[in-house]
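Asks: Provided below are the primary sequence and the corresponding predicted coordinates.
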Amino acid sequence: MNARVIEVGGAAPYRIQIGPGLLEDGTALASMLRGRHALIVSDDQVAPLYVQRVHQALANARPGARIATHVFPAGEASKTLENFSAVIEALAAHGATRDACVYALGGGVVGDLAGFAAACWMRGIDCVQLPTSLLAMVDSSVGGKTAVDIPQGKNLVGAFHPPRAVFADTTALRTLPPRELHAGFAEVIKYGAIVDAGFLDWLEANTDKLLANDDALLTDAIARSCAHKAAIVERDPFEHGERALLNFGHTFAHAIETEQAAFFGYGSGVNHGEAVAIGMVLAAKLSSALGMADVADGERLRSLLQAFGLPVEMPVGLDLLALLAHMRLDKKAQGSGLRFILWDRAGAARIVAGVDEAVVLATLQA
Ligand code: NAD
């Protein structure tokens, strides 16, 4: 099967390729390497499965290349300034020059961390995203947002640094744990919720086959998701407007993740995709509470998320006032009160500023 190709335009254009076997396509991977230095960054769950494959493919295609590997422990708890520094030190030890390339091989945590290091090393070197989780394939590898977490909040330190290319090898999804596959579907469903109601119909019709890893359907879902993200980030690369729609459910999600982290550390409790699922249900409820959308739309969204194995209820025991405080620090918040991405109906989301905190609190309590 040939790879599906999506072009992302704008000031720094790049190509997303989606298909089986891309991690073994040394010619394609090496064609992105301008100089001689390549650093493959991965986590300790993905590395044993795929690093050797990528290393070998690159070495075969570019015999003169100097290829090194940097691996850190898997999980959100690793998306730290300390691990960022460790990638920087690995680049320094490797003698990486300005034409070096970081190959970010893994889920969204690897992509965000390695991408941020690439953004900073010598004020910015190439980063090729090699997403291996569904979430990374449909969302985090595209669009150039890179970041690490700090105790005060998720993704608070980062940079916009578009990748040089994205290669999503769909065969990697076969080793992805089911819980992580489900988490990726939260972001897939998000595209339907914000801009493509027909995609929600399609996802409803194909739930079982998608969850059974039907290769062709998964490729369709990834390509349709990436096409939506590519179109939005091309029009608004720095999130001055429309790009914020991609954060549907995320103001709640990041507050939940940050509050969980305050007690148990990042990566405890619900994961990012699960938090987004819960956040989207809350965003739909808040939309209804503000008279924007029918309750039935929210119920349908909730059922679809559940069908994809995702949680739809707030984790028990979270301090709701603390969640509100996190939302005030959210990057989507501005000087004038809380700002949310809400919807008028499926496929029609918009930015709503100045949302009354009392209504938000009532939504959380409900
Ligand atoms: P993750 O990177 O932690 O991956 C989830 C787990 O799956 C990890 O344990 C990982 O080792 C494992 N894994 C990944 N691919 C695998 C494979 N093929 N086989 C076996 N195991 C595999 O989490 P994620 O859900 O991929 O990404 C979440 C992160 O992405 C969060 O930090 C979130 O903030 C970030 N994110 C960023 C953007 C962006 O635009 N930059 C967008 C959405 C999410």
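Replies: Cool, the structure landed.

Asks: for the ligand, what are the nearby residues on this protein?
Replies: 43, 45-46, 49, 74-76, 79, 106-110, 112, 132-133, 135-136, 139-140, 143, 145, 154-155, 172, 175-176, 180, 183, 272-273 (Cβ under 6 Å from any ligand atom). The way it works is simple: take the backbone N, C-alpha and C, and place the C-beta from them, glycine included.

Asks: In PyMOL, how would I select just the buried ones from those?
Replies: In PyMOL, this line selects whichever of the residues of the chain next to the ligand come out buried by 16 or more other Cβ atoms under 10 Å:
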select buried, resi 43+45+46+49+74+75+76+79+106+107+108+109+110+112+132+133+135+136+139+140+143+145+154+155+172+176+180+183+272+273
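
Asks: What about the residues of the chain next to the ligand, which are in helices?
Replies: Cross-referencing those against helices under DSSP state H gives 49, 108-110, 112, 135, 180, 183, 272-273.

Asks: got CSV for the residues you listed, with pLDDT too?
Replies: As requested, these are arranged in CSV below (pLDDT from 0 to 100):
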residue, pLDDT
49, 98
108, 98
109, 98
110, 98
112, 98
135, 98
180, 98
183, 98
272, 95
273, 97
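
Asks: in the chain, which spans are helices?
Replies: 26-30, 47-61, 81-94, 108-120, 134-135, 178-195, 197-211, 215-235, 250-264, 272-289, 295-307, 320-329, 357-365.

Asks: Quick one, which of those helices gets closest to residue 128.
Replies: Nearest to residue 128, of all the helices of the chain, is helix 26-30, at 7.0 Å by Cβ to Cβ.

Asks: Check which helices and strands the closest one sits against.
Replies: The contact analysis (3 or more Cβ pairs under 8 Å, 6 or more residues apart in numbering; DSSP states H and E) places helix 26-30 against helix 47-61.

Asks: give me that answer again for 10 Å
Replies: The contact analysis (3 or more Cβ pairs under 10 Å, 6 or more residues apart in numbering; DSSP states H and E) places helix 26-30 against strand 37-43, helix 47-61, strand 101-106, strand 126-131, strand 165-169.

Asks: So out of everything in the stretch 201-350 of the chain, what residue is nearest the ligand?
Replies: Residue of the stretch 201-350 of the chain nearest the ligand, by Cβ to the nearest ligand atom: residue 272 (4.1 Å).

Asks: is it true that that residue touches residue 183?
Replies: Yes. With contacts counted by Cβ atoms under 10 Å, residue 272 reaches residue 183, the gap being 6.7 Å.

Asks: that older thread, so can I have TSV of the helices of the chain showing distance to residue 7?
Replies: Below are the helices of the chain laid out as TSV (distance: least, Cβ to Cβ, whole Å):
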stretch	distance to residue 7
helix 26-30	15
helix 47-61	23
helix 81-94	28
helix 108-120	19
helix 134-135	22
helix 178-195	18
helix 197-211	20
helix 215-235	7
helix 250-264	26
helix 272-289	26
helix 295-307	30
helix 320-329	36
helix 357-365	39
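
Asks: Could you point out which residue ranges in the stretch 1-150 of the chain have low pLDDT?
Replies: 1 (pLDDT under 70).

Asks: on that earlier part again, tell me who's in contact with the residue of the stretch 201-350 of the chain closest to the ligand.
Replies: 76, 107-109, 135, 139-140, 154, 183-184, 186-187, 250, 253-254, 256-257, 266 (Cβ atoms under 10 Å, 6 or more residues apart in numbering).

Asks: on that earlier part again, out of the helices of the chain, which gets nearest to residue 162?
Replies: Closest approach to residue 162 among these is made by helix 215-235 (8.3 Å; Cβ to Cβ).

Asks: hey, C-alpha coordinates of that closest one in PDB?
Replies: Extracted in PDB, the C-alpha atoms of helix 215-235 (Å, rounded to 0.1, in the frame of the first residue of the first chain):
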ATOM      1  CA  ASP A 215      -5.400  -1.100   8.800                       C
ATOM      2  CA  ALA A 216      -7.300   0.600   6.000                       C
ATOM      3  CA  LEU A 217      -9.800   2.200   8.200                       C
ATOM      4  CA  LEU A 218      -7.200   3.300  10.700                       C
ATOM      5  CA  THR A 219      -5.200   4.900   7.800                       C
ATOM      6  CA  ASP A 220      -8.400   6.700   6.700                       C
ATOM      7  CA  ALA A 221      -9.100   8.000  10.200                       C
ATOM      8  CA  ILE A 222      -5.500   9.200  10.600                       C
ATOM      9  CA  ALA A 223      -5.400  10.900   7.200                       C
ATOM     10  CA  ARG A 224      -8.700  12.600   7.700                       C
ATOM     11  CA  SER A 225      -7.600  13.800  11.200                       C
ATOM     12  CA  CYS A 226      -4.200  15.000   9.900                       C
ATOM     13  CA  ALA A 227      -5.900  16.800   6.900                       C
ATOM     14  CA  HIS A 228      -8.100  18.800   9.400                       C
ATOM     15  CA  LYS A 229      -5.100  19.600  11.600                       C
ATOM     16  CA  ALA A 230      -2.900  20.600   8.600                       C
ATOM     17  CA  ALA A 231      -5.600  22.900   7.200                       C
ATOM     18  CA  ILE A 232      -6.100  24.700  10.500                       C
ATOM     19  CA  VAL A 233      -2.400  25.100  11.500                       C
ATOM     20  CA  GLU A 234      -1.600  26.200   7.900                       C
ATOM     21  CA  ARG A 235      -4.100  29.100   8.300                       C
END
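
Asks: Sweet, I'm off.
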